[in-house]
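K.L.:
the following comprises the amino acid sequence and a computationally predicted model.
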Amino acid sequence: MLHIENLTKTYPNGQTALRECSLSMERSQIVTVIGPSGAGKSTVLRCINRLVEPTRGRILLNDTEITALGTKKMCRMRRRMGMIFQEYNLVERLTVMENVLSGRLGFVSLFQALFRRFPQGDIESAFELLERVGLSGYENSRADALSGGQRQRVGIARALMQQPRILLVDEPTSSLDPKTARTIMSLIAELSREHGIPALINIHDVGLATKFAQRVVGLSHGGIVFDGPPQTVDTSSLTRIFGEADWGTTGAVTSNTSDIAQKDTLIEATEGNAVLEATKA
Amino acid sequence: MSHRAAETEPLRISWRPPPKIRNPLLRWSLLVGCGLYIIYAIGDVHLNPERFIAGIPRVAEMLGVMLPPDFSRWDLLFSGLSESIQMAVISTAIGIVLGIPVAVGAAKNLVPAPIYYLFRGYIGLVRTLPEVLIAIFFVKAIGFGAFAGMLTLTVASTAFVGKLLAEEIEAIDPGQVEAIRATGAGWSKVLIYGIQPQVLPRSIGLSIYRWDINFRESVILGIVGAGGIGATLYNAFGRYEYDFGLAILLAMIAIVLIAEWGSGKIRRSIK
């Protein structure tokens, strides 16, 4: 459904962020993009919704050629692309509700936007989403009063308010502590599955990237150097993506994820025991 | 690396911050040039301590005739003050309404270059002209009175609000704007949803500050015939009624102080 063909981006300062990148994505798939800083991960995402103008190449979403759209049509196209940001990018001085409802800006009139007169249906789904991301009761809090994890939940709700055809997620966890990072990633993964929305997620935490994705893409110096299921991410592929490093001592990534899997089964097992004991009693 | 350098080279212990202007010739000629100019300027404006000392008793004498202030013609004082306040309020209100589009047009991150230079040109032009000059122009064009003063202050306010608000808009967090753009919002929706909330506290602060300036300016404008308390003050001094003049000055000081206190309180409460 998403096809990127020979995408190249050279910034006005002469820096080439992407070189002839090609990538295809299928319906309801979570694809994580890993790579060092400056590899071009953010540029790929921003070329898809054209917050950054590609220099060359074509991008198609559901057979619409995004790269050929005019300004007006691109605005209409963006309404169906949800984006989640590293720094959350909430409008800090507005309430949580206003931030969530901003996901509908492309669908309402200027008057409605100015006086915050959003349709009843939008308000209802905003309340539902707030509850789903665990923020019910926070609708009138100001965004700048929330913690990092809470802000990212608002960011997720805002993106889903758009009822997007695709989620573009840019380093959603880089500003969060490891535990919050994990819950935020699993929330994004769950919602992507529940709503059947494919997600393209930039992330540099290899552990998280392999845990939540069906497919991992490795980007280095503006080109794709790895593409495969998470089980195949190993020391040699990491070296190809990030460069030479002592990958062994940082914990082989694959074993890291299997650790987590083991822990999960452990928890399930203990829960099972508890249930057993409860039934005995 | 640094350890190795320490072994081969002798240890350096003295350090001075590098000079801000690296070229020593340029640095010293600028310094000497400025000094010479100040000496020349002091000589040229006839700075004369004797004349200054001789003036002190005359100031004391003038203060003597000002005291005690004469509040007996409070009706004249009141009508002059209320006219000045009205001029200030109306010109501030219209100045802001017209100044916001000027600010948007003068914000480099919002508009294409030709529009930017057009609005920057307007701001530059208005800010170059002293308000008294604009007032003289309006008095000549539409006659004496508060209307001329009001127009002057309105024009000056648009440039003031335009310049300072534009700078605020240029300094906003681009991430918040990017996020609103990413939802598919067009230019005007980005403006009201992504930018306006970010600059709101500053624009309220600016409005109050500009009202303050407009009130004080209205005093000066009265002197060139543009109405308000300034006209009353000018007439009082013209008729050697220094005690009434002092009463007017005290009333003005009181109002400015109250305004300052009130605006500070309001600005602190907006975050």
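P.N.:
Received the coordinates, thanks. Residues are numbered from 1 along each chain as shown, chains lettered A, B, ... in the order given.
K.L.:
packing partners for the host helix or strand of A:K179?
P.N.:
Using DSSP states H and E, the element containing A:K179 is helix A:178-194. Applying 3 or more CB pairs under 8 Å, 6 or more residues apart in numbering or on different chains; DSSP states H and E, we find helix A:178-194 packed against strand A:30-34, helix A:148-161, strand A:166-170, strand A:199-202, helix A:206-212. Placement of C-beta: from N, CA and C, glycine included.
K.L.:
if you set the cut-off to 10 Å instead, what comes out?
P.N.:
strand A:30-34, strand A:81-84, helix A:120-132, helix A:148-161, strand A:166-170, strand A:199-202, helix A:206-212 (3 or more CB pairs under 10 Å, 6 or more residues apart in numbering or on different chains; DSSP states H and E).
K.L.:
in CSV, list the C-alpha atoms belonging to the first one.
P.N.:
Listed in CSV are the C-alpha atoms of strand A:30-34, where the atom choice follows Å, rounded to 0.1, in the frame of the first residue of the first chain:
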residue,chain,number,x,y,z
ILE,A,30,4.6,-2.6,11.7
VAL,A,31,7.9,-1.8,10.2
THR,A,32,10.6,-0.3,12.3
VAL,A,33,13.5,1.7,10.8
ILE,A,34,16.7,1.5,12.7
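K.L.:
pairing partners for it, with directions?
P.N.:
Here strand A:30-34 is paired, per DSSP bridges, with strand A:199-202 (parallel), strand A:215-220 (parallel).
K.L.:
relative to strand A:166-170, how tilted is that strand?
P.N.:
Here strand A:30-34 runs at an angle of 30 degrees relative to strand A:166-170 (axes from the mean of the first three to the mean of the last three CA atoms, to 10 degrees).
K.L.:
give me the nearest residue to A:A68, chain neighbours excluded.
P.N.:
Computed as CB to CB, 6 or more residues apart in numbering or on different chains, the closest residue to A:A68 that is not its neighbour in sequence is A:R58, at 7.8 Å.
K.L.:
make sure that neighbour is indeed in a strand.
P.N.:
Yes. Assessed with DSSP: H, G, I helix; E, B strand; the rest coil, A:R58 lies in a strand.
K.L.:
my guess is it meets A:L69, correct?
P.N.:
No. Applying CB atoms under 10 Å, one finds A:R58 not in contact with A:L69, separated by 11.6 Å.
K.L.:
report whether the helix or strand hosting B:E178 contacts chain A.
P.N.:
Assessed by DSSP H and E, B:E178 sits inside helix B:174-182. Yes. For helix B:174-182, a contact with chain A is found by CB under 10 Å from any CB of the partner chain, at B:P174, B:G175, B:Q176, B:V177, B:E178, B:A179, B:I180, B:R181, B:A182.
K.L.:
so what's the residue count around the nearest residue to the fourth one once chain neighbours are set aside?
P.N.:
If the residues on either side of it in the chain are set aside, B:V177 comes closest to B:G194, at 4.3 Å by CB to CB, 6+ apart. Taking other CB atoms under 10 Å in any protein chain shown as the neighbour definition, B:G194 ends up with a count of 26.
K.L.:
nearest to the middle of the chain, which residue? Look it up for me.
P.N.:
Because you didn't say which chain, this covers chain A. Note on chain A: the residue nearest the mean C-alpha position is A:V169, at 2.4 Å, using CA atoms, centre = their mean.
K.L.:
that's the wrong chain, I meant chain B
P.N.:
Nearest to the geometric centre of chain B sits B:I213, at 6.7 Å (CA atoms, centre = their mean).
K.L.:
so that one makes contact with B:A159?
P.N.:
No. Applying CB under 10 Å as the test, B:I213 and B:A159 come out as separate, 11.9 Å apart.
K.L.:
let's verify the residue nearest to A:Q150 when sequence neighbours are not counted: helix, strand, or coil?
P.N.:
Excluding the flanking residues, the one nearest A:Q150 by CB to CB, 6+ apart is A:L135, at 6.4 Å. Here A:L135 is recorded as coil under three-state DSSP.
K.L.:
buried stuff in the helix or strand hosting B:S188?
P.N.:
Assigned by DSSP H and E, B:S188 falls within helix B:187-190. Across helix B:187-190, burial judged by 16 or more other CB atoms under 10 Å in any protein chain shown covers B:K189, B:V190.
K.L.:
which strands and helices sit next to it?
P.N.:
Here helix B:187-190 touches helix A:71-78, helix A:110-114, helix B:174-182, going by 3+ CB pairs under 10 Å, 6+ apart.
K.L.:
contacts only, for B:G149.
P.N.:
Neighbouring residues of B:G149 by CB atoms under 10 Å, 6 or more residues apart in numbering or on different chains: B:83-84, B:87-88, B:91, B:131, B:134-135, B:138-139, B:214, B:217-222, B:224-228, B:230-231.
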